[in-house]
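Novice: What follows is a predicted structure for the sequence shown.
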Amino acid sequence: MNPFVVCATRSMRSYASRVIQCLSRYLCFSNITEQINGLDLLNTDLFADGEMEVSVSSSIRGRDIILFSSCTRNEAGIEVEEAKIELYHAVDALIRCQASRIIVFEPFISCSRSDRTTRRSSVGLWVHLKILSSLGARHIVTFQMHSDKSKTMVDPAICAFDDIPALTLLKKYLCDTYIKTVDRLENEVRNNWAFCSVDAGGEKLARVFANSFGAPLVVAHKQRDYSKPNTVESINILSAEPVEGKSLWIVDDMIDTAGSVEKLIRVLSQFKPKEINVISVHALFSPPAVEKLEALSKEGLLNRLIVSDTVSCSRYKKNIPGLEIVPSFELASQIIKAIINNESMSKLMRPFDAGIYLGSK
């Protein structure tokens, strides 16, 4: 195992602190926390003219660096573009200090949806990944990319890329919190639950959920108005079984403005389900998402909203009564342990089966 340090830009220091605590349990050295804790390693200076400089406070020569950063809404309240520039400066500073390898860990890559090439537009994700790899990042880790094709934007000969499916976190949370036993899975969930996609493109995610729990699949076919951003014209519901009386779980990889989710919930409510829940990895909650979700909760249309902590959203618990946040730092620590020990990460990516998981417990 090469000596390594876990550090973070200002946007993710609290998250990185929790990861370090988990790692200290996995790596049984008497002073492992002191060895790997680099929360005070990076200093960021902001100048009057708007420029920035990041400096490294101590020697890291020959060490692997795991750098946590968030370029979306974050616990420090730093704006997206400032957080990106700080990340780029941090990688440059670490390279100049002769770190052995820099592993950038972004739980959510904010520009992940800017992945389509057209004649006259930039591709934000390509720009971001290109800058990181060009500056010297040799490994990028994230949770649940918006599209599988995005992984091809990084040359594996220059920079490794790991996209870890965080949906498994949410599946385990459902099992631990709401199902608990194999008996309830077989007699209650498989008969009375159904998983629904947000649109035809999200059918794959919803199908994976439905297969994991052996429950029915509902597909929402969404028609967008492409003349306006984040606008939905109509939604058609496709289901082989009646929706009435079932507990519905809408599955998506992210909630942005909540326009699609809001319209889908209102359409689904006409079919008289027992309850409607939403489960999503990344809680972007761009305005006016919180207002829409709050209104749905107050109207009794939205029962639960389960998300991960890849994007900071705990402040919205008071607005959305059914908001439940699933921590991901334990999974992040398992990923780091695998990387620094050159272990396989296939066990973190294999399909999840609720029956096997509950049976093993």
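Specialist: In hand now; what should we look at?
Novice: From the rest of the structure, what touches stretch 335-351?
Specialist: With contact meaning C-beta atoms under 8 Å, 6 or more residues apart in numbering, stretch 335-351 is reached by 1-2, 4, 6, 19, 23, 26-27, 64, 66, 103, 105, 139, 141, 162, 164-165, 168, 208, 211-212, 331, 334. Where C-beta positions appear, they are placed from N, C-alpha and C, glycine not excepted.
Novice: in this structure, what secondary structure element scores lowest on mean pLDDT?
Specialist: strand 232-239 (a mean of 69; mean pLDDT, DSSP states H and E).
Novice: quick revisit: just the buried ones out of the contacts of stretch 335-351, please.
Specialist: Buried by 16 or more other C-beta atoms under 10 Å: 4, 6, 19, 23, 27, 64, 66, 103, 105, 139, 141, 162, 164-165, 168, 208, 212, 331, 334, out of the contacts of stretch 335-351.
Novice: before we move on, what SS does E324 have?
Specialist: Following DSSP: H, G, I helix; E, B strand; the rest coil, E324 is assigned to strand.
Novice: tell me the contacts of it?
Specialist: With contact set as C-beta under 8 Å, 6+ apart, E324 has these partners: 173, 177, 304-307.
Novice: Got a ChimeraX select line for the buried ones in those?
Specialist: For the buried members of the contacts of E324, the matching ChimeraX selection, counting by 16+ other C-beta under 10 Å, is:
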select :173,304,305,306,307
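Novice: And the longest helix along the chain, what does it pack against?
Specialist: Identified as the longest helix of the chain according to DSSP state H is helix 80-96. Counting contacts by 3 or more C-beta pairs under 8 Å, 6 or more residues apart in numbering; DSSP states H and E, helix 80-96 is packed against strand 42-46, strand 52-56, strand 64-68, strand 101-105, helix 124-135.
Novice: looking at the ones you listed, which is buried most?
Specialist: Among these, strand 64-68 has the highest mean neighbour count (mean count of other C-beta atoms under 10 Å), at a mean of 26.
Novice: To what extent is Q144 buried, counted in neighbours?
Specialist: Close neighbours of Q144, defined as other C-beta atoms under 10 Å, add up to 25.
Novice: Equivalent analysis for the one 3 residues further on, please.
Specialist: Neighbour count of S147, defined by other C-beta under 10 Å: 15.
Novice: wait, isn't it in contact with S114?
Specialist: No. At 10.6 Å, S147 does not count as touching S114 under the criterion of C-beta atoms under 8 Å.
Novice: Hmm, Q144 and L167 touching each other?
Specialist: Yes. Between L167 and Q144 there is a contact under C-beta under 8 Å: 6.4 Å.
Novice: Could you pull out the residues contacting both of the two?
Specialist: Common neighbours of L167 and Q144 are listed as 253, 281 (criterion: C-beta under 8 Å, 6+ apart).
Novice: Helices along the stretch 151-300 of the chain, start to end?
Specialist: 167-174, 182-184, 190-192, 203-213, 259-269, 289-298 (DSSP state H, counting those that start in this stretch).
Novice: May I have the beta-bridge partners of I325?
Specialist: Taking DSSP bridges as the rule, I325 bridges to V307.
Novice: Just give me the neighbour total for it.
Specialist: I325 has 19 neighbouring residues, counting by other C-beta under 10 Å.
Novice: check contacts around it.
Specialist: I325 is in contact with 283, 307-309, 313-314, 317, counting by C-beta under 8 Å, 6+ apart.
Novice: Low-confidence ranges, the stretch 51-200 of the chain, go.
Specialist: Where the stretch 51-200 of the chain drops to pLDDT under 70, the residues are 119.
Novice: Could you find the closest non-adjacent residue to E82?
Specialist: Distances taken as C-beta to C-beta, 6 or more residues apart in numbering place M52 nearest to E82, at 7.6 Å, with adjacent residues excluded.
Novice: so that neighbour bridges to which residues?
Specialist: L46.
Novice: just F161 next, same as before
Specialist: I140.
Novice: now it: how far from I339?
Specialist: Separation of F161 from I339 (C-beta to C-beta, to the nearest Å): 12 Å.
Novice: Please identify every residue contacting each of these two.
Specialist: With C-beta under 8 Å, 6+ apart as the test, F161 and I339 both reach 139, 141.
Novice: Turn the helices of the stretch 151-300 of the chain into a markdown table, including distance to I356.
Specialist: Putting those into a markdown table (distance: least, C-beta to C-beta, whole Å) gives the following:
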| stretch | distance to I356 |
| --- | --- |
| helix 167-174 | 12 |
| helix 182-184 | 9 |
| helix 190-192 | 15 |
| helix 203-213 | 10 |
| helix 259-269 | 30 |
| helix 289-298 | 33 |
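Novice: isn't E75 right next to R18, touching?
Specialist: No. Counting by C-beta under 8 Å, E75 stays clear of R18, with 11.1 Å between them.
Novice: Which neighbours do the two have in common?
Specialist: With C-beta under 8 Å, 6+ apart, E75 and R18 have no common neighbours.
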